[in-house]
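A.B. asks: I'd like to go over a predicted model; first the sequence, then the structure.
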Amino acid sequence: MSGGHAYRDDQMESGSRITESNKRKERHRDKVHKHKDHKKDKEREKSKHINSHHRDSEKKHRDKEKESWKHIDGSVERHKDREKRKEEKSKWFGADCKQERENGFPSPPHIKHEFDNNDFYHTPKHGKPVKRGNSDEESEYKIKRIKVESVKKGIKRKQKEEYDEGEDAEEEEEEDQKHKKKCKDKKTGDIAGKKKVKKEPEEKWKWWEEERYTDGSKWRFLEHKGPVFAPAYEPLPEHVHFYYEGKMSNLSPPAEEVATFFSKMLDHEYTTKDIFRKNFFKDWRKEMTSEEKSKITDLKKCDFSEMSQYFKAQSEARKQMTKEEKLKIKEENERILEEYGFCVMDNHKERIGNFRIEPPGLFRGRGDHPKMGMLKRRIRPEDVIINCSKDSKHPKPPPGTRWKEVRHDNKVTWLASWTENIQGSIKYIMLNPSSRIKGEKDWQKYETARRLKKCVDHIRAQYRDDWKSKEMRIRQRAVALYFIDKLALRAGNEKEEGETADTVGCCSLRVEHIKLYPELDGQDFVVEFDFLGKDSIRYYNKIPVEKRVFKNLQLFLENKQAEDDLFDRLNTSILNKHLQELMDGLTAKVFRTYNASITLQQQLKVLTSPDENVPAKVLSYNRANRAVAILCNHQRAPPKTFEKSMQSLQSKIDAKKQQLFAAKKELKVAKSESKSLHDEKSRKVVETKRKAVQRIEEQLMKLEVQATDREENKQIALGTSKLNYLDPRISVAWCKKWSIPVEKIYNKTQREKFAWAIDMADEDFEF
DNA sequence: GTAGCGACTTAGTAGCTCATGA
DNA sequence: TCATGAGCTACTAAGTCGCTAC
């Protein structure tokens, strides 16, 4: 890794989402001259040569890799299997429909038995031992498997640990009993099945051992129940009022609904912001009757406090609900999850990520978003496009409504979509990260990053060479790439002005975002970055760069105003096109993935010491993770209760220290007693006291480690890098190498997402 | 080449849940 | 049993990037 990725404590100190008005002058976005000499420009022969040479080796590698994919692809076999599946499907369609009702999905025939490898999803590695009885029993068992899986994935997700076998046997039995009631016959079969479920751990579908589609399609069969819509607006009770100029006023239901959105946010900083208030008021007025419009003309004269109090009381009442009431709500949510939270994709029941349509409300843009406070309108079935397979049972729209469209596009992964009214962008209903479709993509992402590892030295050599190019566009590209590589900056697409907050990435950096220091704090050629990145999170960093980079930056800044683009002859499209030429599938964001993962791997090697115990090793892991989070600038607002929780942890530590002191004293006394008495009883007392001291020391150490970890994590978010940038196989390999339970670093959801890595990585895995 | 769109990933946080300790 | 707070999940905004039409 060139240059290394320096930790930036100063950045963390000052880093925060910037909300101050970062107004800038009308930006000079005119890039008339940008790339005007592009056609005339030709790549230097040398660079061409390097490129072509590199491309050759890349291609070889690519072909090799494609081959390896092909190996598990087996497209010919897939074709055969498809035929087979057709037959099976028609056979199933003729089958009785009882099962439809029983498992809650209308087309169980398509749900693949987890043991069945006789389908177009062919499992080459392990022919699973399947006990097959007569056909009746088999179909019975199929239903059972599906039910058990759904119960585990859905209702019991939170209570059950996937590696815990025996613990939840009672609950499992209960669920099994429920299921037994649903299945209408064959007592013997049920009992046999029940025993089986109790004894065998859940069989997870190992999609990573199966074929992938190579024709660009994402699925063959897709069936789901459609999205869940936001509940209809419930008007306020009679005694809750809105006041205008101190006078009670009744609002029409549409106006009242929008008013409730504002009143619910009254305690939030948003409602103090001018843009928010202005946008809200403008959109609110659109919902008013003409009478209301003429009456309510000034937001300052509006009093929402009674409404606000009502919602607070409601929220409080929810908290005070009895156990039974809470349980009832929980059960209802579980029922909805069970009904709408899953789909059937290519014979497997898969969890949907977000099956609820976003409810109406006020838009909460981040940073200085010009559209904050605008009304996010209610989405109706008529706005929603459903995507499913032709041969599936299509989801039904709510009574009296219709879908905007039902389409059957298997080149995409979404199940439903609609266009939101704030930015006009499309929103999707997609699968959960634990699904095959997301997992495959994730795995592929890390494989691309690993390919970059093989050619990164060459790419670095080339961009260093390009710093000397005669062409400005090439120099700019090379310097930008250096920043993306060294500092893990995002690509930085251009954004439509006035539509979103003013944030930038590498390619869209402006002159005002950097400062050059020929010498600073004893270091030469320092560049200071200060800009708002994604989500308006501040990026602040002072970094010494190579002389040539520094000189180039000086050149790029010549004759430019603060609001001008630093890289005026570069955009993400040009950069990615160039990267694509260097390596197939290479884009700017691959560098982030690569540098994050390689940093984790290196840091784990450096920080893990073999003699440490498990908590200390986990602390080392978190520190390695933290190094990546700092590199990627993943910040968070310090938790509101941070100081308090640190204080309470510190008092626990103090108490433990006192306890240890006392225990040591007792041990000393016991030792001297034992010395004088020389009997078995006193020796036993010494042993007990010694063990007590040891136990307390361990407890103290755990607390201290916890405190260190928490303190270091104050403003850093580890989750984002863990979920999106760190190849999970590195973490799994580390766990295996040091015998750390994987549960120590991944929670249940994360283990589900990374099931592929947990299964496939051994301790020797190298990124 | 570029603007716009569509599909997807990446991102921080509000609010809920559940474990823990008094 | 209850209060508290840490951890987790759901939510949805905000990015990236490829494709298409002009």
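C.D. replies: Arrived safely, thanks for sending.

A.B. asks: Doesn't residue A:560 belong to a strand?
C.D. replies: No. Assessed with DSSP: H, G, I helix; E, B strand; the rest coil, residue A:560 is coil; it does not lie in a strand.

A.B. asks: In this structure it contacts residue A:511, no?
C.D. replies: Yes. Using CB atoms under 8 Å, residue A:560 and residue A:511 qualify as a contacting pair, with a distance of 4.9 Å. (C-beta placed from N, C-alpha, C; glycine too.)

A.B. asks: what residues do those two have in common as contacts?
C.D. replies: The overlap between the contact sets of residue A:560 and residue A:511 (CB atoms under 8 Å, 6 or more residues apart in numbering) consists of residue A:566.

A.B. asks: Phi first, then psi, for residue A:563.
C.D. replies: For residue A:563, the backbone dihedrals (degrees, to the nearest 10) come out as phi -90, psi 0.

A.B. asks: what about it, how many residues close to it?
C.D. replies: Using other CB atoms under 10 Å as the criterion, residue A:563 is surrounded by 14 other residues.

A.B. asks: so how far is DNA strand C from it?
C.D. replies: Residue A:563 sits at a distance of 18 Å from DNA strand C (criterion: CB to the nearest atom of the strand, to the nearest Å).

A.B. asks: so how far is DNA strand B from that residue?
C.D. replies: Counting by CB to the nearest atom of the strand, the separation of residue A:563 from DNA strand B is 17 Å.

A.B. asks: what do you get for residue A:736?
C.D. replies: Distance check for residue A:736 against DNA strand B: by CB to the nearest atom of the strand, it reads 24 Å.

A.B. asks: can you check residue A:623 too?
C.D. replies: The spacing between residue A:623 and DNA strand B, counted by CB to the nearest atom of the strand, is 18 Å.

A.B. asks: wouldn't residue A:500 be in contact with residue A:366 here?
C.D. replies: No. Between residue A:500 and residue A:366 no contact is recorded; they are 9.3 Å apart, counting by CB under 8 Å.

A.B. asks: which residues does residue A:740 contact?
C.D. replies: Residues in contact with residue A:740 (CB under 8 Å, 6+ apart) are A:614, A:617-618, A:621, A:734.

A.B. asks: wait, which of the residues you listed is closest to residue A:332?
C.D. replies: The closest of those to residue A:332 turns out to be residue A:618 (CB to CB; 38.1 Å).

A.B. asks: which is the next helix or strand following the longest helix belonging to chain A?
C.D. replies: Using DSSP state H to assign secondary structure, the helix with the most residues in chain A is helix A:642-677. Next helix or strand after helix A:642-677 toward the C-terminus (DSSP states H and E): helix A:680-712.

A.B. asks: coming back round to it: of the contacts of residue A:740, which pair is most distant in space?
C.D. replies: The two members of these with the most space between them (CB to CB) are A:614 and A:734, at 12.5 Å.

A.B. asks: Compare the two (neighbour count), which wins?
C.D. replies: When residue A:614 is set against residue A:734 and neighbours are counted by other CB under 10 Å, the residue ahead is residue A:734, at 24 against 13.

A.B. asks: so that one sits right up against residue A:603, yeah?
C.D. replies: No. Under the criterion of CB under 8 Å, residue A:734 makes no contact with residue A:603, lying 10.4 Å away.
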